[in-house]
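S.K.: missing the sequence, but the structure's below:
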């Protein structure tokens, strides 16, 4: 049974938990029989714990468009731009095909902020969202126009983080 009304949600800010919140929503939706599609922009690491966990969820599909390297904000590799453009085109196809109730575009805000995709492209994607699809955008630095268009915006605010104490990312917790 599709959603009667799909909204646009944005999880942004400098704090930890944006992708985690989106994946929690995805698990909740899948648990209620909704079909979920997750597109990860700028992520190509195969060792994310959530990837292994989501493989066992029959109502969730996840695809990555990115290299297993960080993107240089000031000088992105042409391959990073190409992969982000592919992810955006793929996301638009997923939205339009009508087979999914929830679509998560993980790190799309960052891809926009880094200039890998344009604001016009992202706004056109929002325009193409069917009324029954819940669309979730994650990533730091959400553009003001995206925030304006969203129905729900949550800003994760870092108050304290173990990185400041020299504690590196831990497998199973941060990735």
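M.R.: Nice, I can see it. Owing to the predicted nature of the structure, the values given are computational and were not obtained by experimental measurement. Numbering: from 1, shown residues only.

S.K.: After the helix or strand of the chain with the lowest mean pLDDT, which helix or strand is next?
M.R.: Across the helices and strands of the chain, mean pLDDT, DSSP states H and E gives its lowest value to helix 49-54, namely a mean of 81. Next along the chain after helix 49-54, taking DSSP states H and E as the criterion, comes strand 60-65.

S.K.: ok, and what's touching the next helix or strand after that next one?
M.R.: Using DSSP H and E, the helix or strand that follows strand 60-65 in sequence is helix 78-97. Contact partners of helix 78-97, identified using CB atoms under 8 Å, 6 or more residues apart in numbering, comprise 37, 39-42, 44, 63, 65-67, 71, 100, 103, 105, 108, 111, 114-117, 121-122, 124-125, 128-130, 133, 135. Yep, even glycine has a C-beta here, placed from its N, CA and C like the rest.

S.K.: before we move on, what about stretch 146-161?
M.R.: 7-18, 21, 109, 112, 122-123, 126, 137, 142.

S.K.: and residue 139, how many neighbours does it have?
M.R.: By other CB atoms under 10 Å, 25 other residues sit near residue 139.

S.K.: Let me see the backbone angles for it.
M.R.: Backbone torsions for residue 139, taken as degrees, to the nearest 10, come to phi 120, psi 150.

S.K.: which residues sit in contact with it?
M.R.: If you count contacts by CB under 8 Å, 6+ apart, residue 139 has them with 11-12, 18, 41, 106-113.

S.K.: re earlier: the contacts of stretch 146-161, buried ones only, as a PyMOL selection?
M.R.: Of these, the buried ones can be selected in PyMOL as follows, counting by 16 or more other CB atoms under 10 Å:
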select buried, resi 8+9+10+11+12+13+15+18+21+109+112+122+137+142
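
S.K.: Looking at the contacts of stretch 146-161, which are in strands?
M.R.: Among those, DSSP state E puts 8-12, 137 in strands.

S.K.: Out of those residues, which comes closest to residue 173?
M.R.: residue 11 (18.4 Å; CB to CB).

S.K.: Can you give me the end-to-end span of stretch 22-41?
M.R.: 14 Å (CA to CA, to the nearest Å).
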